[in-house]
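**Student:** Have a look at this fold, sequence not included:
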């Protein structure tokens, strides 16, 4: 049986700049979380004196890919240029036309669901003598989205625009 690599495939990217995020090593686990929403009226109680509740809906699934290792030491090339810069595109708003970051599909044997990045954290952990980073550990938090109902993005209303990406 051939080893299949996990990846985040680009489903849609208005900027056209993002590429699939292919993991060097598969995650050791996938932990999914979904919150169920129940509304309750504190003053409206049943015979057990517990509040009566009404089902209100569900939140989208969220999950984190933790401790993803990216290593370019053997090639002696920058891990930032080969991997991290592409990953950062999933968490960066573009300045032109106020486009949103890409929507991905998590795939690893099966396609799990469409998702967007909600948080990105990376740590550079090994450097060549000249300072070139060659090893990184990445954590990516993702949230499920409806692929049929994805807007193009809105102009930012507060904060500064990240001008590092054209």
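**Tutor:** Sure, I can see it. Everything numeric here is computed off the predicted structure, so don't read it as measured data. Residues are numbered from 1 along each chain as shown.
**Student:** And the next helix or strand past the longest strand seen in the chain?
**Tutor:** In the chain, with assignment by DSSP state E, the single longest strand is strand 110-127. The helix or strand immediately downstream of strand 110-127 is strand 133-144, counting by DSSP states H and E.
**Student:** all helices for this structure, in order.
**Tutor:** 79, 85-88 (DSSP state H).
**Student:** lowest-confidence stretch among those helices?
**Tutor:** Note on the helices of the chain: helix 85-88 shows the lowest mean pLDDT, a mean of 94.
**Student:** Packing partners of that helix?
**Tutor:** Counting contacts by 3 or more C-beta pairs under 8 Å, 6 or more residues apart in numbering; DSSP states H and E, helix 85-88 packs against strand 110-127. Glycine gets a C-beta too; all of them are placed from N, C-alpha and C.
**Student:** hmm, back to that, and residue 39, which of the helices of the chain is closest to it?
**Tutor:** Nearest to residue 39, of all the helices of the chain, is helix 85-88, at 38.0 Å by C-beta to C-beta.
**Student:** so how far is the closest one off the chain centroid?
**Tutor:** Taking C-alpha atoms, centre = their mean, to the nearest Å, one finds helix 85-88 lying 11 Å from the centre of the chain it belongs to.
**Student:** Next, the buried residues of that helix.
**Tutor:** Applying a neighbour-count criterion of 16 or more other C-beta atoms under 10 Å, one finds 86-88 buried in helix 85-88.
**Student:** Show me which of these is closest to residue 32.
**Tutor:** residue 87 (20.6 Å).
**Student:** Show the contacting residues for residue 123.
**Tutor:** Contacts of residue 123 were listed using C-beta atoms under 8 Å, 6 or more residues apart in numbering, and they are 136-138.
**Student:** Any chance of a markdown table for the residues you listed, columns neighbour count?
**Tutor:** A markdown table is the format used below for the contacts of residue 123 (neighbours: other C-beta atoms under 10 Å):
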| residue | neighbour count |
| --- | --- |
| 136 | 22 |
| 137 | 15 |
| 138 | 21 |
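**Student:** between those, which is closest to residue 68?
**Tutor:** residue 138 (4.4 Å).
**Student:** Please look at residue 128 and residue 135 and confirm they touch.
**Tutor:** No: under the criterion of C-beta atoms under 8 Å, residue 128 makes no contact with residue 135, lying 10.1 Å away.
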